[in-house]
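Student: Show me the folded form of this:
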Amino acid sequence: MELWITLGLMVVLIFFLVGIYNKLVAYRNEYKNAFAQIDVQLTRRYDLIPNLVETAKGYMKHESETLEAVIKARNAAASASHNAATHPGEKSSMKELAAAETLLSGSLGKFFALSESYPDLKANETMINLMDELTSSENKISFARQSFNDSVMRYNTLREQFPSNMVANFFAFTAAELLEIEDPQARKPVKISFS
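Tutor: Coordinates of the predicted model:
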């Protein structure tokens, strides 16, 4: 009788551990899929940028340095995105992507600021459409990044909780890294003027 009870408890324990393992796998796949959604939107944005620069070239002849900086930052971000797509959640690839995206956002910000000086460019139909598509892509990227970070948080929480942490450590489920893109503008204090 004791043998059957011991055997029954072992079977229940094995099923419990298998359940934890399967949940860890499911959460890891969830955050990888969430990153794939970011990658789709980033690729869309990276494809729009050369068209944007090409459209602006005719108007911004004296701003070639800025246009080249945008393309260079776009290429670096695309490369970092490709690396991150092969290793989603890995700390080094997420940090590299975040840094590249911060650089790209900065160079695009400078580009948009300069484009304000060219009224004909701002009125160009192609430029307006590209800007609308780029804005749409930025919004989709933000939503996809939030979904990815939520998935990473669920996965990391599960792998740190007891008893799943023992299963996670035994099967080498490593912590996943959030994708946090540094936005220098978000850190600046808001200026309020009552004049």
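
Student: And for Met60, the neighbour number?
Tutor: Residue neighbour count, defined by other CB atoms under 10 Å, stands at 18 for Met60. From N, CA and C alone the C-beta is placed, and that goes for glycine too.

Student: Just confirm it contacts Val70, I think it does.
Tutor: No. In this structure Met60 lies outside contact range of Val70 using CB atoms under 8 Å: 10.7 Å.

Student: Distance check, Glu101 against Met153.
Tutor: 20 Å (CB to CB, to the nearest Å).

Student: Neighbour count: the two, which is higher?
Tutor: Per other CB under 10 Å, whichever of Glu101 and Met153 has more neighbours is Glu101, with 24 against 14.

Student: What about the more buried one? Give its phi and psi, please.
Tutor: Comment: the main-chain dihedrals of Glu101 come out as phi -70, psi -40, following degrees, to the nearest 10.

Student: What helix or strand is Ile49 located in?
Tutor: If you go by DSSP states H and E, Ile49 is part of helix 2-57.

Student: Beyond that helix, next helix or strand please.
Tutor: Sequence order places helix 64-86 as the next helix or strand after helix 2-57, per DSSP H and E.

Student: in that following helix, what's buried?
Tutor: Under the neighbour-count criterion of 16 or more other CB atoms under 10 Å, helix 64-86 has 66-67, 69-70, 73-74, 76-78, 80-81, 83-85 buried.

Student: Kindly calculate the angle that whichever strand or helix holds Ser136 makes with helix 2-57.
Tutor: Secondary structure here is read from DSSP H and E; on that basis Ser136 sits in helix 125-160. Using axes from the mean of the first three to the mean of the last three CA atoms, to 10 degrees, the interaxial angle of helix 125-160 with respect to helix 2-57 works out to 160 degrees.

Student: Give me the contacts around the helix or strand following helix 125-160.
Tutor: The helix or strand immediately downstream of helix 125-160 is helix 164-170, counting by DSSP H and E. Applying CB atoms under 8 Å, 6 or more residues apart in numbering, the contact partners of helix 164-170 are 17, 20-21, 23-24, 158-160, 173.

Student: cool, stretch 99-108 as well?
Tutor: Taking contacts as CB under 8 Å, 6+ apart, the residues outside stretch 99-108 that touch it are 49, 66, 69-70, 72-74, 76-77, 79-81, 181-184.

Student: Ser147 is in contact with Phe35, isn't it?
Tutor: No. In this structure Ser147 lies outside contact range of Phe35 using CB under 8 Å: 9.3 Å.

Student: Which of those two has more residues huddled nearby?
Tutor: More crowded of Ser147 and Phe35, by other CB under 10 Å: Phe35, with 28 against 17.
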